[in-house]
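K.L.:
No sequence on hand, only this structure:
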């Protein structure tokens with residue numbers, strides 16, 4: 001989130017938050033339990049509320065409001081002194097550890113959202129048939145290769161290893177396909193080695 005500070009469960013920053021979210025996910029997942037907290041104040045909250053996905057997260061109860069550093073530390077489960085030190089490094093025109101320069105400090109009340117790294121979108125994709133079979137360059141389907149279909153509106157299906165794709169007529173309907181850990185890698189291998197099955 002633009003301007004937010006991200007800390008781990010100990011209340012410490014662990015990367016430059018101005019990187020993209022794909023890069024940030026790797027840093028977040030490297031933290032204990034793969035968890036981090038996005039911390040921000042009222043001006044940033046106003047900006048965040050201009051995004052529908054944030055409003056949905058807020059409506060679901062993801063946003064925490066904390067009137068002080070002590071309350072914020074209690075929410076995160078870290079030592080107030082450590083969190084205070086972290087926030088002290090976030091001052092106007094000062095270079096914080098990691099090289100990020102902040103335009104201004106953050107002020108109470110503070111807001112926090114607990115986050116983890118996740119697949120948000122594909123950065124490349126496969127051509128697929130309606131039944132999710134991967135298509136060759138000539139448009140014919142490979143018999144034994146299916147692609148998982150996911151995007152931000154997808155939900156994890158109750159069946160392990162499968163994704164749920166909401167149908168147009170029903171939010172509970174799903175089309176499941178076996179997932180591959182790296183479908184784009186599979187596609188490169190198929191392209192490189194021809195259209196083998």
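P.N.:
Received, thanks. Predicted model, so just to flag it, every value in this text is computed and none were measured.
K.L.:
Report the buried residues of stretch 69-80.
P.N.:
Neighbour-count burial for stretch 69-80, counted by 16 or more other C-beta atoms under 10 Å, picks out 69, 71-73, 75-76, 78, 80. From N, CA and C alone the C-beta is placed, and that goes for glycine too.
K.L.:
what about this protein, any weak spots by pLDDT?
P.N.:
Counting by pLDDT under 70, the chain shows low-confidence ranges at 1-2, 92-97, 119-125, 149-197.
K.L.:
can you pull out the strands in it?
P.N.:
All strands of the chain, identified by DSSP state E, fall at 5-7, 35-41, 63-66, 110-116, 133-135, 141-146, 155-156, 163-164.
K.L.:
Redo the ones you listed as JSON lines? Include mean neighbour count and distance to residue 25.
P.N.:
Formatted as JSON lines, those follow (neighbours: other C-beta atoms under 10 Å; distance: least, C-beta to C-beta, whole Å):
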{"stretch": "strand 5-7", "mean neighbour count": "23", "distance to residue 25": "11"}
{"stretch": "strand 35-41", "mean neighbour count": "22", "distance to residue 25": "10"}
{"stretch": "strand 63-66", "mean neighbour count": "17", "distance to residue 25": "20"}
{"stretch": "strand 110-116", "mean neighbour count": "19", "distance to residue 25": "8"}
{"stretch": "strand 133-135", "mean neighbour count": "18", "distance to residue 25": "25"}
{"stretch": "strand 141-146", "mean neighbour count": "16", "distance to residue 25": "25"}
{"stretch": "strand 155-156", "mean neighbour count": "12", "distance to residue 25": "16"}
{"stretch": "strand 163-164", "mean neighbour count": "20", "distance to residue 25": "18"}
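K.L.:
Nearest to residue 102, out of those?
P.N.:
Among these, the nearest to residue 102 by C-beta to C-beta is strand 5-7 (8.4 Å).
K.L.:
check contacts around residue 10.
P.N.:
Applying C-beta atoms under 8 Å, 6 or more residues apart in numbering, we find residue 10 in contact with 32, 78-79, 82.
K.L.:
That's all I had, so thanks and see you.
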